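*Asks:* Model the structure of this input:
(2 chains)
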2 protein chains.
Amino acid sequence: MKTIPLILMGCGGVGSHLLQHIVSCRSLHSLQGLLLRVVGVGDSKSLMVVDDLLNKGLDDNFLLELCRLKHAGESISKLADSGHCHVFAHPESQGKIVEIASQLGKKSGLAFVDCTASSGTVSVLKQVVDMGCCVVMANKKPLTSTMEDYENLMKYPRRIRHESTVGAGLPVIASLNRIISSGDPVHRIVGSLSGTLGYVMSEVEDGKPLSQVVRAAKSLGYTEPDPRDDLGGMDVARKALILARILGRRINMDSIQVESLYPKEMGPDVMTVDDFLGRGLLLLDNDIQERVEKAASNGNVLRYVCVIEGPRCKVGVQELPKNSALGRLRGSDNVLEVYTRCYSDQPLVIQGAGAGNDTTAAGVLADIVDIQDLFP
Amino acid sequence: MKTIPLILMGCGGVGSHLLQHIVSCRSLHSLQGLLLRVVGVGDSKSLMVVDDLLNKGLDDNFLLELCRLKHAGESISKLADSGHCHVFAHPESQGKIVEIASQLGKKSGLAFVDCTASSGTVSVLKQVVDMGCCVVMANKKPLTSTMEDYENLMKYPRRIRHESTVGAGLPVIASLNRIISSGDPVHRIVGSLSGTLGYVMSEVEDGKPLSQVVRAAKSLGYTEPDPRDDLGGMDVARKALILARILGRRINMDSIQVESLYPKEMGPDVMTVDDFLGRGLLLLDNDIQERVEKAASNGNVLRYVCVIEGPRCKVGVQELPKNSALGRLRGSDNVLEVYTRCYSDQPLVIQGAGAGNDTTAAGVLADIVDIQDLFP
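*Replies:* Predicted structure coming up:
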């Protein structure tokens, strides 16, 4: 039986789904000769580590109990007296992780799984990689920091996986890496990588006012609590940066041209969320409606996309042919079109749900299973 | 530098493109710390093996010269006196491959790459796998033989890759394996996996007679020399069987319901190719036209697809919604729709060119690079 010892940081949301997937896949993985041994789990307050680090994992009932706690909005430290683990509070826990990595790294190997949304994990990630461990990330932040951080982290690319940072569980990065390693040059990537903006653009295409569409999206739970976090395009820009860096572009966030769907005068430091949803959005309706109509008169539609081509990487509204994979997109699916030598006239297209804790966690789990050959 | 020693069987067509890709990717792979050392190359007549098996590879100029020979329709044995290799004729060569596998298998590892279209490689493939070697296949035959052969071959699934057996280089199998290993249950697969039949069905949808479309496809080089090899659906059935077996279905070719686009009375043992193209096809025009019109009256289109759902696996013409990825398909692209728990309302869609030596070879090369962690 091949064993992957793992530590999970960030056990709410995606992390909680991951733990449930790990438990429910026990017999499937066992048939494949694989055992995922969860030796540590952390949230924003504390880290719990199994007492017998070399031989045991936190047991499945404990993991499921922990998921129930997180779901109820509680801290995992409530489970401190369960008997078979040690609890470390932050910031002490970061040192503990590095200590575990140095203990297990070369011997049994260790997968450090980052399901947080924090930029504070970069330093631990680099240290555990240097100690011979593997890293699997759903967290975009460590990959969108400085180029220096990125290159330090990616020094051993086979040991770093992060499929779920772009398009959730969609096989976007795995597919792109296959194309790159086969020497097929990528000429152009165009992607709709925000379910929220995908939904918004296809609704305004049907003639609905932007203000109405955004309010509906918010009440459907499609947007962040402050919809400007979606409309500003920074989340798409982070995904674009990750893809561009995979293609070998040595660029930072500030090299990406980002078009915001709202002007600075309606930013969070000027207007409250309620004001923006109330009167702010109304002021944007006409402009977007005119652009939709202009595009339609050219037989095109508007999509909020990232475009990576040559040294250029930009994120914003584009007029695209109605009759392309992106043009036909409806609702909240993500789509990526990749143009290469092999896919020149018609692109390689990958499409499907690109958000959601379940899907994102599935992508993380597939990454963990995929690094098994690096373990003894 | 990580080294993958490899033997390639079948060095015309796909194999020839693979050798060219390997040579042109030298510096790219070197940057990634990877060296592909081609220790042997075989065609249907002979096998050439580098003299210093443990340390050297056939040199790049030799490999390119060999590609030129194959392109000109010649046998590689013409290069026998090049100095740094030994030549073995069939059937002696099979024993030689097994000997090399036993020499290199446990020590440096060996990737055995099958780019033939032969069912005769099954026995060698099984032997080299048992000796600890890896296998990469573009050849569908060994995977569509008996269930016993299949299970013997797939005993060590991590060491067997065959992306290019379905949809050429499209990341179909890699994506499916990711879904499976994340425990996301696959409910349904619908795919258009023949560029030829994709082209034919979208042309008859436009009202063109089947006879005219098939003749055009043949003159464009889209079909096999005898177009019945495409129209009979067996090639699609083989791909469907490969996908079904990946999903864990223990079935054989004869469990697949295959609809042929021509009746038995027009089979190759009754009618010549010319007769079929001349008068045979004309007799089929009305029926397909009626079916196209009936589908259109339901708002649907006809597609020649494989459907895998529950224990059922069938291949043939289906009425599908015009407004689905498959319904919108035009030309010769392949499309796969995968419905799972995570992709339930809208499927995961993978689409792009699914044929051609260049693309197929790129898929094989990506597989080779992807098994690198299994090498010392």
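*Asks:* Export the host helix or strand of A:Ala244 to PDB, keeping only CA atoms.
*Replies:* For A:Ala244, the element it lies in under DSSP states H and E is helix A:234-246. Taking C-alpha atoms only, helix A:234-246 is exported to PDB below (Å, rounded to 0.1, in the frame of the first residue of the first chain):
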ATOM      1  CA  MET A 234      -9.100  41.100  -9.800                       C
ATOM      2  CA  ASP A 235     -10.100  37.400  -9.300                       C
ATOM      3  CA  VAL A 236     -10.000  36.800 -13.000                       C
ATOM      4  CA  ALA A 237      -6.600  38.700 -13.200                       C
ATOM      5  CA  ARG A 238      -5.100  36.300 -10.500                       C
ATOM      6  CA  LYS A 239      -6.200  33.300 -12.600                       C
ATOM      7  CA  ALA A 240      -4.800  34.900 -15.700                       C
ATOM      8  CA  LEU A 241      -1.500  35.500 -14.000                       C
ATOM      9  CA  ILE A 242      -1.300  31.900 -12.900                       C
ATOM     10  CA  LEU A 243      -1.900  30.700 -16.500                       C
ATOM     11  CA  ALA A 244       0.500  33.200 -18.000                       C
ATOM     12  CA  ARG A 245       3.200  32.100 -15.600                       C
ATOM     13  CA  ILE A 246       2.600  28.400 -16.500                       C
END
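*Asks:* Now tell me what touches that helix from outside.
*Replies:* A:140, A:143-144, A:150, A:162, A:165-167, A:172-173, A:176-177, A:180, A:189, A:191, A:193-194, A:197, A:229, A:251-253, A:256, A:258, A:304, A:306, A:308, A:313-315 (Cβ atoms under 8 Å, 6 or more residues apart in numbering or on different chains). Backbone N, C-alpha and C define where each C-beta goes, glycine included.
*Asks:* could you give me the average pLDDT of that helix?
*Replies:* Model confidence over helix A:234-246, given as mean pLDDT, is 97.
*Asks:* Quick check: buried residues in that helix?
*Replies:* A:234-246 (16 or more other Cβ atoms under 10 Å in any protein chain shown).
*Asks:* roughly how far out does it sit from the chain middle?
*Replies:* Mean C-alpha position of helix A:234-246 versus that of the full chain (Cα atoms, centre = their mean, to the nearest Å) differs by 10 Å.
*Asks:* Run through the residues that contact the spatially most central residue of chain A.
*Replies:* Centroid-nearest residue in chain A: A:Thr165, 2.5 Å away (criterion: Cα atoms, centre = their mean). Taking Cβ under 8 Å, 6+ apart as the contact definition, A:Thr165 lies against A:137-140, A:143, A:173, A:239, A:242.
*Asks:* Looking at these, which one is closest to chain B?
*Replies:* Chain B lies nearest to A:Ile173 out of these, by Cβ to the nearest Cβ, at 10.7 Å.
*Asks:* That closest one looks like it's in a helix, true?
*Replies:* Yes: the assignment for A:Ile173 (DSSP: H, G, I helix; E, B strand; the rest coil) places it in a helix.
*Asks:* With adjacent residues omitted, what lies nearest to it?
*Replies:* Residue nearest to A:Ile173 in three dimensions, not counting chain neighbours: A:Glu163, with 4.9 Å by Cβ to Cβ, 6 or more residues apart in numbering or on different chains.
*Asks:* I figured that neighbour hits A:Asp367, correct?
*Replies:* Yes: counting by Cβ atoms under 8 Å, A:Glu163 touches A:Asp367, with 5.2 Å between them.
*Asks:* about what we covered before: next SSE downstream of the helix holding A:Ala244?
*Replies:* Next in sequence after helix A:234-246, counting helices and strands by DSSP H and E, comes strand A:257-258.
*Asks:* which other helices and strands contact that next one?
*Replies:* Packed against strand A:257-258 by the contact rule (3 or more Cβ pairs under 8 Å, 6 or more residues apart in numbering or on different chains; DSSP states H and E) you find helix A:234-246, strand A:312-321.
*Asks:* returning to what we had before: can you give me the neighbour number for the residue nearest to A:Ile173?
*Replies:* 27 (other Cβ atoms under 10 Å in any protein chain shown).
*Asks:* which residues touch it?
*Replies:* By Cβ under 8 Å, 6+ apart, the contact list for A:Glu163 reads A:169, A:171-174, A:363-364, A:366-367, B:178.
*Asks:* Farthest pair within these?
*Replies:* A:Val172 and A:Val364 (13.9 Å; Cβ to Cβ).
*Asks:* Touching, A:Arg178 and B:Leu365? I think so.
*Replies:* No: counting by Cβ under 8 Å, A:Arg178 stays clear of B:Leu365, with 9.1 Å between them.
*Asks:* between those two, which one's more packed in?
*Replies:* B:Leu365 (27 against 24).
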